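Trainee: sequence and predicted model, in that order:
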There are 2 protein chains.
Amino acid sequence: MHKTYSLRNAKAPTQSQLQNPPPPPATTKSRFFGKGGLAYNFRTRTAGSFGPELSRKLSQLVKIDKNLMRSMEVASMERRDAARFLSQWGLENDDDVSDITDKLGVLIYEISELDDQFIDRYDQYRLTLKSIRDIESSIQPSKDRMERINEKIAYWHYKDPQSQKIEVLEQELVRAEAEELVAEAQLSNITRSKLRSAFYYQFDSLIEHSEKVALIAGYANALLELLDDSPVTPGETRPAYDGYEATKQIIVDAENALNDWTLDYAQVKPNLSLKQNQEMRGQFYEEDEEDLPETENVIVTEHVTKITEPVDLRPSEEAT
Amino acid sequence: MHKTYSLRNAKAPTQSQLQNPPPPPATTKSRFFGKGGLAYNFRTRTAGSFGPELSRKLSQLVKIDKNLMRSMEVASMERRDAARFLSQWGLENDDDVSDITDKLGVLIYEISELDDQFIDRYDQYRLTLKSIRDIESSIQPSKDRMERINEKIAYWHYKDPQSQKIEVLEQELVRAEAEELVAEAQLSNITRSKLRSAFYYQFDSLIEHSEKVALIAGYANALLELLDDSPVTPGETRPAYDGYEATKQIIVDAENALNDWTLDYAQVKPNLSLKQNQEMRGQFYEEDEEDLPETENVIVTEHVTKITEPVDLRPSEEAT
């Protein structure tokens, strides 16, 4: 990775860190067997050690993605457990704490359902990558064949330069080269189209997942507003809780908001300082360089419209 | 959990599912040892089996949250590996595929950094819950003492109703009741304030994490736009790639957007159909019921402003 343009070198604190200083590293992070534990280390090291050479790198990626999905799945189930235990703990408390923790549990449970949906979509992305890997593997034999023929020609040139075999082999090489040329073009075309569709799908799913989680967190904060945290003196009783209708309404609102959400309603949009034109995609848009200063920081709405057209970008048709 | 108002019963497909049908369940999901594997099942079953009875439920929750953090950490590291392998795989391909996968790797790596930050914050939330658990445990002895005195009184009433001991015990009971009353008030006050601050902190972190991830996904989609996926015929060469400046600019833009993001700029806001007033929090706002039809679906901006004031809501001061 070119570290020069990497985000990792940006050590200056972000605005949100200035507003709200980061906490110390989580206490769960230092453990035996190195970072991530034994299973993680084993799975990472054994990823993609087999198979044809051409497709080995991609095999590793596909394998790592599988591990990632399993970890996300465990995290999603643990989040679900956390929601259940939160609700059960709340039950032993006063009415308002009980009601609000119960509803918080419902929202957290919903986040874990979203995680689950995201995992299913991540699998589609992974399967599309896998189909690139399969193309890579299937091209390996024709590469190997060309190499073998070249070796044989070199051998006969050395052993008997007058041999009839050389001519035969050279004709075979021409045929192999033609096959190789087609294979390369196929690989290039398929890699690009699958790569695009796989990552569009992943990132669109990520946008949906993130925005829905952010929505839920907003509703959860609204629930917390209903919790009475004014201190009482010993013996004083709190006013009776009458927020059942309000909490129920927040859950219903959250449900409706999640139901109605589509990619067209996505709120978080990138701010691109270079204008991208969708007819000219794949090339840097240079024709109207004199316009550049004016179009700086324009929100590229046509881009966003583009990625919401599911027709040709979805890998589900291609992967199955 | 009251399943009636739960989101889980909403089986009707959401708008975004209608626009974009869900894929089949992920292929990684069915395994030996039940859902989530052996380690998950073991960790879940042994959570919080010890400790004082009053704090056992919350101990379970704290334990599950710890497991959740570990799973999220493994997932975050695997995402980082995936970014690295993606970049390495791209290196073997054409210039444009190589450049774009490298930059995608940078963005995915950044998502895993965000995951890491979120885990650190989640730990703060967990530590705040833990401090509620500690209060619960410390109150257990005074509860036990009252129970013991009550038992003794019952015993003496049965054995010797004229005994002097009864009077002494009854005085002791009055003192124990006073202690218990104070303990209850303390527990109630601390539980509420810590609960609020813990969950505000968690959900604010969740909002930050989600919106930043959605931002990154948007920039990643912009990168994909630069990938030339027009098919070539065998032997044809693609035009030379000149997108290095554009991809670099997208990374710089993404970096700036992440740097500048604060809770005040949060884009995704809940739509509450009941108006909440922050002076009246803890109670359902009934005074202007005649306004309700007009205020339906209003975006509660004052709510959002409120939660961004970090002064008294941050548990980091209280947890340490």
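Mentor: Looks like it arrived, so ask away.
Trainee: okay, buried residues for whichever helix or strand residue A:16 is part of please.
Mentor: Here residue A:16, judged by DSSP states H and E, is contained in helix A:15-19. Of the residues in helix A:15-19, those buried under the neighbour-count criterion (16 or more other CB atoms under 10 Å in any protein chain shown) are residue A:16. For the C-beta atoms, the positions are set from N, CA and C on the backbone; glycine is no exception.
Trainee: likewise stretch A:155-167?
Mentor: Neighbour counts over stretch A:155-167 (16+ other CB under 10 Å) mark A:156, A:166 as buried.
Trainee: residues in contact with that stretch?
Mentor: A:152, A:153, A:169 (CB atoms under 8 Å, 6 or more residues apart in numbering or on different chains).
Trainee: among these, which are located in helices?
Mentor: A:152, A:153, A:169 (DSSP state H).
Trainee: ok, so of these, who is nearest residue A:134?
Mentor: Taking CB to CB as the measure, residue A:152 is the one of the ones in helices among the contacts of stretch A:155-167 closest to residue A:134, at 29.0 Å.
Trainee: which residue packs closest to that closest one, ignoring adjacent ones?
Mentor: residue A:169 (5.5 Å; CB to CB, 6 or more residues apart in numbering or on different chains).
Trainee: list the contacts of the residue nearest the centre of chain A.
Mentor: Central residue of chain A (CA atoms, centre = their mean): residue A:202, 4.8 Å from the mean position. Applying CB under 8 Å, 6+ apart to residue A:202 gives the contacts A:121, A:122, A:125.
Trainee: quick check, nearest of those residues to chain B?
Mentor: Chain B lies nearest to residue A:121 out of these, by CB to the nearest CB, at 5.8 Å.
Trainee: check contacts around that closest one.
Mentor: Residue A:121 touches A:201, A:202, A:205, B:22, B:23, counting by CB under 8 Å, 6+ apart.
Trainee: that older thread, you'd agree the residue nearest to residue A:152 is up against residue A:153?
Mentor: Yes - with contact defined as CB atoms under 8 Å, residue A:169 reaches residue A:153; the gap is 5.0 Å.
Trainee: which stretches of the stretch 51-200 of chain A form helices?
Mentor: Ranges of helices within the stretch 51-200 of chain A are A:56-91, A:95-159, A:165-225, based on DSSP state H, counting those that start in this stretch.
Trainee: hmm, what's the outermost residue in chain A?
Mentor: Max radial position in chain A (CA atoms, centre = their mean) goes to residue A:162, at 59.3 Å.
Trainee: tell me how far that residue lies from residue B:110.
Mentor: Distance, residue A:162 to residue B:110, using CB to CB, to the nearest Å: 63 Å.
Trainee: same deal with residue A:64?
Mentor: Separation of residue A:64 from residue B:110 (CB to CB) stands at 17 Å.
Trainee: could you do residue A:244 as well?
Mentor: 42 Å.
Trainee: more neighbours, those two?
Mentor: residue B:110 (26 against 16; other CB atoms under 10 Å in any protein chain shown).
Trainee: just want the phi and psi numbers for residue A:227.
Mentor: Per-residue torsions, residue A:227: phi -80, psi 120 (degrees, to the nearest 10).
Trainee: skipping its backbone neighbours, what lies nearest residue A:182 in space?
Mentor: Closest to residue A:182 by CB to CB, 6+ apart is residue B:234, at 4.5 Å.
Trainee: for chain A, which spans come out with low pLDDT?
Mentor: Residue ranges of chain A with pLDDT under 70: A:1-14, A:26-52, A:275-320.
Trainee: mind redoing it with 80?
Mentor: A:1-55, A:274-320 (pLDDT under 80).
Trainee: ok, residue A:181 - contacts?
Mentor: Counting by CB under 8 Å, 6+ apart, residue A:181 makes contact with B:234, B:235.
Trainee: measure it to residue B:118 for me?
Mentor: In terms of CB to CB, residue A:181 sits 49 Å off from residue B:118.
Trainee: which SS class is residue A:235?
Mentor: coil (DSSP: H, G, I helix; E, B strand; the rest coil).
Trainee: show me the contacts for it.
Mentor: B:181, B:185.
Trainee: got the buried residues for stretch A:257-273?
Mentor: So, applying 16+ other CB under 10 Å, buried residues of stretch A:257-273: A:257, A:258, A:259, A:261, A:262, A:263, A:266, A:268, A:269, A:270, A:271, A:272.
Trainee: try stretch A:178-190
Mentor: Neighbour counts over stretch A:178-190 (16+ other CB under 10 Å) mark A:179, A:180, A:183, A:184, A:185, A:186, A:187, A:188, A:189, A:190 as buried.
Trainee: count of neighbours near the nearest residue to the fifth one once chain neighbours are set aside?
Mentor: Closest residue to residue A:185 in three dimensions, ignoring its sequence neighbours and counting by CB to CB, 6+ apart: residue B:234, at 4.2 Å. Neighbour count of residue B:234, defined by other CB under 10 Å: 15.
Trainee: in contact with residue B:234: list those residues for me.
Mentor: Contacts of residue B:234 by CB under 8 Å, 6+ apart are A:178, A:181, A:182, A:184, A:185.
Trainee: and for residue A:95?
Mentor: A:240, A:241.
Trainee: from chain B, how far off is it?
Mentor: 12 Å (CB to the nearest CB, to the nearest Å).
Trainee: all set, thanks.
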